[in-house]
Each structure stands twice: as C-alpha cells, then as structure tokens.
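Undergrad: what's the 3D shape of this:
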Amino acid sequence: MSKTILIVEDEEVLRQSLAELLTDEGFAVVQASNGKDAYAYVLKQPVDLVLSDIRMPEMDGLTLLGHLHRVIPETPVILITAYGTVESAVSAMKTGAYDYLLKPVRFEDVLVKARRAIEFKELSRTQQVVTEQLAEESTFHNLVGASASMAKLFGTVRKLSSVKSNVLVVGESGTGKELFARAIHYNGVTRSKPFVAVNCGAIPATLIESELFGYRRGAFTGAVRDKVGYFEAANGGSLFLDELSALPVAVQSSLLRVIEERVVVPVGDTQPRPIDVRIIGASNRDLEQMVQKGEFREDLLYRLNVVKLLLPPLRHRKEDIPLLVSHFVDKYTRALNKQILGITNGAMRAILGHEWRGNVRELENVIERAVIFAEGRQISIEDMPFNTQGIADDTGEELKEALRQFERQHILGSLRRHNYDKAETAKQLDIGMSSLYRKMDELSIPKNVGEQGGPSAEADGEGSKL
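TA: Just a heads-up that it's a prediction; the model follows:
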C-alpha cells in the first residue's frame with residue numbers, strides 16, 4: 001500500500017511540481033494551499049508524512065506543526081523554508097519537526113528526506129509495539145525486568161503467595177526493595193490485609209519501641225492518649241521494616257521476642273496483645289557482617305531470614321534497562337502531560353554505558369528530569385544530566401540495528417520463559433514456526449539455543465548488544 005504525503009504549500013507551481021515528483025515515485029499525494037486546510041484534512045484522514053512551507057496565509061507552518069504535534073504526534077513533518085527563516089526551521093525541529101528543506105528545493109533532497117522520514121516512522125512504530133509487548137510480559141506488580149535474575153526473583157515471589165513466612169530483602173540502595181515487599185504482600189494471601197511500611201532509620205532510637213509496639217496514655221511525658229503501634233496496625237497483613245541495620249541492639253531483642261511469641265506489649269502496658277503479622281525486612285548493609293561485629297543479633301537474623309531475596313544492582317542486569325526506560329518514559333509523559341514518544345539511540349547508548357550507582361531509583365530520576373526538559377518528541381543526548389562526551393544521536397541504519405537487537409532480545413527472552421520450547425514460543429509471539437525459524441536466522445540466534453549441548457541464552461549474548 002502506497003504511503004500518503006500531504007503537501008502544504010501556497011506557491012502553486014512548487015506544490016504541483018512536488019506532487020508530480022512524489023506521485024511518479026509511487027506515493028499517494030494530497031495537496032493543501034495553507035495550514036488551515038491541511039489541519040482540517042488530517043483530522044479526517046491519516047497521512048504518513050507532511051511537507052509544509054513555513055510562511056503561508058490562513059495558518060503558517062509553525063502553527064500547523066504545533067497542531068499536528070498534538071493530534072498526530074507520530075507523523076513526521078518536514079518544513080520547507082527560505083534561507084531567511086532557517087533559524088525558525090531549526091528551532092521548530094527542536095519542538096517536533098523531523099527535518100527541513102531549503103528553497104530553492106532540490107528534488108533529490110525531497111526524495112531522500114521523505115523516504116527517510118517514512119522509514120523512521122515505520123521503525124519507530126514497530127519498536128513501540130515490541131516495547132509494549134516486552135513491558136506487558138515483563139512487568140510484575142510494578143516490577144520491571146526480563147533478565148534471568150529478575151525472572152528468578154519473580155518466581156520466588158509467586159511461591160510466597162500461599163504462605164506468610166518472614167522474608168529478608170537485601171540489595172543496594174535504589175534496587176527496589178520496597179517494591180518487592182509490596183509485590184510479596186499484594187500477590188499473596190495478605191493482599192486484602194494492611195501493608196505497613198516503616199523506615200527504621202528515620203525514627204529516633206528513643207522512640208522506635210513506642211512506634212513499633214504502641215504505648216498507653218501516661219507511659220511517658222507527652223503520651224496524652226493511647227497509640228496503636230505499627231505491629232498492631234499491620235495485624236493480619238505485612239509489616240515492611242526497611243533499614244533493619246539501623247535498629248538499636250536493645251530494640252532487636254524486643255523485636256525477636258515479638259516474632260517468637262507473636263504478641264506485642266505496648267510501652268506502659270502489661271497486657272500482651274496477639275498479632276498475626278508477616279515481617280518483610282530490608283537492608284542495604286551486610287547483616288551477616290554486622291552479626292560478626294556484634295552489631296546485629298544472630299538469632300534475630302535467623303528469624304527474619306526464612307526466605308531471602310537478593311536484589312541485583314542495575315549494572316548486573318543491563319538487559320532490563322531499555323524496558324525500565326520505556327516504563328519510566330510512559331509513566332512521566334502521562335504524569336507530566338508531555339508528548340514524548342521515546343528516546344534516541346544515542347541517549348539509550350549513554351544510559352546503557354552509565355554506572356548507575358543509585359540503581360533503578362537513579363534511572364527513574366534521570367528519566368523524569370529528561371521528560372521535564374525534553375523539547376523534542378524524543379529524549380536526546382542533550383537531556384542527559386551526566387557526561388555523554390563521545391556519544392552522538394543518530395537515526396537511519398543505526399535505528400535499524402537498534403531495532404534488530406531489540407527484537408533479538410525479545411525472542412531470546414520468550415524462548416527462555418517457555419523453556420526453549422519453540423512451538424510454545426511461536427504461539428506466544430503469534431507467529432508460525434517457519435516465521436520463528438526465519439527470524440532466528442535473521443537475528444543470528446542458534447537453532448539449538450538452550451538445548452542440551454547447545455548455547456544458553458546468556459552464553460549467546462542475550463542483551464549484551466543493546
């Protein structure tokens with residue numbers, strides 16, 4: 001099916017010449033003599049590309065660009081301008097125009113830029129579909145990841161769905177410990193019960209027992225009424241104790257007693273109160289080392305460490321970064337009401353090469369900031385807050401290769417999730433077996449990947465080329 005190009009130009013001779021050129025090249029062409037008529041047309045009929053002059057009566061090209069950006073943001077717009085308004089065209093590119101042409105127009109430039117713009121649109125659309133599929137398959141209770149390490153963690157969370165065992169979540173700051181705690185709670189038998197999160201490091205040592213266990217009126221100066229502690233507030237559900245390492249040793253003893261006896265005694269009271277609470281503890285410090293130094297009770301660690309989740313830092317699961325980027329771009333374009341369609345290849349390479357000492361939390365902050373300050377339809381190198389020297393934005397062949405590697409990751413991930421059963425994988429991908437084998441050939445995926453004696457997905461370099 002031929003692609004439709006809308007030419008918006010008040011100079012009839014130039015408009016007709018462009019229409020003849022593009023028609024001869026196999027495009028379907030629609031003409032408008034001003035921005036107002038062009039805008040009315042696109043509200044009724046879709047087009048694949050808009051070629052528009054900047055200076056026109058009724059509605060100029062820049063105003064038209066603004067309208068098109070709101071109603072059909074995925075459609076590229078190429079502006080036609082005289083030398084005296086080049087600055088306006090360049091400025092417009094920063095706010096959404098795909099490219100510009102200079103008058104007098106060279107027909108070879110028109111054909112090259114028109115084909116490139118339509119190809120870019122098709123590749124972007126395909127990449128968006130793949131991204132959406134990956135995000136749908138790789139999101140678990142707001143946790144995003146398709147790497148082997150994340151798939152294993154998701155499996156552990158699912159196994160916890162029918163029990164209320166205590167869980168210890170460990171990992172560097174920013175790896176998503178509270179998100180995992182919430183996934184454990186809302187994926188299981190506690191989903192309809194309270195989830196109470198407590199940052200132990202934010203409570204003064206002198207107040208932590210009264211906050212955890214509650215107190216009776218008159219227990220201490222300022223205790224003018226009874227107060228329910230976090231344990232009773234979470235009764236029947238889950239209590240998430242973040243930064244366990246900040247608990248004073250004396251409080252650790254009280255916590256151990258509560259876990260063993262399953263009762264709490266509020267400060268200033270003598271009557272124990274029964275509780276039924278699953279504790280999910282978290283720490284970014286090595287609690288075993290703290291035990292050896294006498295800073296953390298060994299018996300308490302054993303009580304908390306019934307099931308242990310070790311969250312990998314982002315640098316150890318870089319294949320998940322494109323998924324996380326897509327997730328956060330979508331999240332903040334909605335929250336901030338911005339029209340961001342994605343991220344350039346150069347910006348993605350910069351993100352993949354960054355150290356991410358703050359892990360997922362740092363990545364989310366970077367994407368939120370980029371969405372706020374991005375002036376175009378894509379987040380670019382210029383929107384990155386860290387050093388990107390030596391990395392350039394690009395399109396064309398680079399975009400094709402990025403999409404190829406994205407598809408490769410998608411198929412490898414699906415094969416792994418279905419234990420390398422190609423029939424099941426083809427069914428899940430909604431393609432035939434022959435199409436799957438052809439894709440594996442095109443993407444250099446060995447036919448025996450994952451089979452006994454064959455290369456594993458990891459050994460084959462899954463995600464390493466992104």
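
Undergrad: care to break this protein down by domain?
TA: The chain breaks down by automatic domain parsing into domains covering 4-125, 148-311, 315-383.

Undergrad: Out of these, which is closest to Gln389?
TA: Among those, the nearest to Gln389 by C-beta to C-beta is domain 315-383 (9.6 Å). No exception for glycine: its C-beta is placed from N, CA and C like everyone else's.

Undergrad: Between the two ends of that closest one, what distance do you get?
TA: Chord length of domain 315-383, first to last residue, is 21 Å (C-alpha to C-alpha, to the nearest Å).

Undergrad: And for stretch 257-268?
TA: 17 Å.

Undergrad: Identify each buried residue in that stretch, please.
TA: For stretch 257-268, the neighbour count (16 or more other C-beta atoms under 10 Å) marks Val258, Ile259, Val264, Val265, Pro266, Val267 as buried.

Undergrad: among the domains of the chain, which is nearest Lys439?
TA: Going by C-beta to C-beta, the one of these nearest Lys439 is domain 4-125, 16.4 Å.

Undergrad: elements contacting the helix or strand hosting Val198?
TA: Assigned by DSSP states H and E, Val198 belongs to strand 195-199. Strand 195-199 is packed against helix 177-186, helix 230-233, strand 238-242, with contacts defined by 3 or more C-beta pairs under 8 Å, 6 or more residues apart in numbering; DSSP states H and E.

Undergrad: What is the helix or strand just after it packed up against?
TA: Using DSSP H and E, the helix or strand that directly follows strand 195-199 along the chain is helix 208-213. In terms of contacts (3+ C-beta pairs under 8 Å, 6+ apart), helix 208-213 is packed against helix 230-233, helix 249-261.

Undergrad: what's the weakest-modelled helix or strand in this protein?
TA: When the helices and strands of the chain are compared on mean pLDDT, DSSP states H and E, strand 139-140 comes out lowest with a mean of 65.

Undergrad: Going C-terminal from that one, what's the next secondary structure element?
TA: strand 143-144.

Undergrad: which other residues reach the helix or strand just after that following strand?
TA: Per DSSP H and E, the first helix or strand lying C-terminal to strand 143-144 is helix 148-159. The contact list for helix 148-159 (C-beta atoms under 8 Å, 6 or more residues apart in numbering) reads 138, 140-141, 143, 145, 180, 183-184, 187, 307, 309, 311-312, 316-317, 320, 416-417, 457-458.

Undergrad: Can you pull the poorly scored residue ranges out of the stretch 101-250 of the chain?
TA: Across the stretch 101-250 of the chain, the ranges flagged by pLDDT under 70 are 123-139.

Undergrad: Report pLDDT for the nearest residue to Tyr98 once chain neighbours are set aside.
TA: Residue nearest to Tyr98 in three dimensions, not counting chain neighbours: Pro76, with 3.7 Å by C-beta to C-beta, 6 or more residues apart in numbering. On the pLDDT scale, Pro76 is placed at 89.

Undergrad: Ser52 is in contact with Pro76, correct?
TA: No. Counting by C-beta atoms under 8 Å, Pro76 stays clear of Ser52, with 11.1 Å between them.

Undergrad: Quick one: neighbours of the closest residue to Ser444 other than its chain neighbours, just the number.
TA: Nearest residue to Ser444, sequence neighbours excluded (C-beta to C-beta, 6+ apart): Arg408, at 7.6 Å. Per other C-beta atoms under 10 Å, the neighbour tally for Arg408 reads 22.

Undergrad: and if you look at the one 5 residues further on?
TA: Summarising burial for Gly413: neighbours were counted as other C-beta under 10 Å, giving 23.

Undergrad: do Tyr230 as well
TA: Using other C-beta under 10 Å as the criterion, the residues surrounding Tyr230 number 21.

Undergrad: next one: the one 5 residues further on
TA: Using other C-beta under 10 Å, Asn235 is surrounded by 17 other residues.

Undergrad: Would you confirm that it contacts Val263?
TA: No. Look at Asn235 against Val263 with C-beta under 8 Å: they stay out of range, at 11.3 Å.

Undergrad: and for these two, which residues touch both?
TA: Residues touching both Asn235 and Val263 by C-beta under 8 Å, 6+ apart: Ile275.

Undergrad: Not counting its neighbours along the chain, what's nearest Gly342?
TA: Gln378 (5.3 Å).

Undergrad: wait, isn't Val228 in contact with Gly214?
TA: Yes. Using C-beta under 8 Å, Val228 is in contact with Gly214, at 5.1 Å.

Undergrad: ok, those two, which is more surrounded?
TA: Gly214 (23 against 14).
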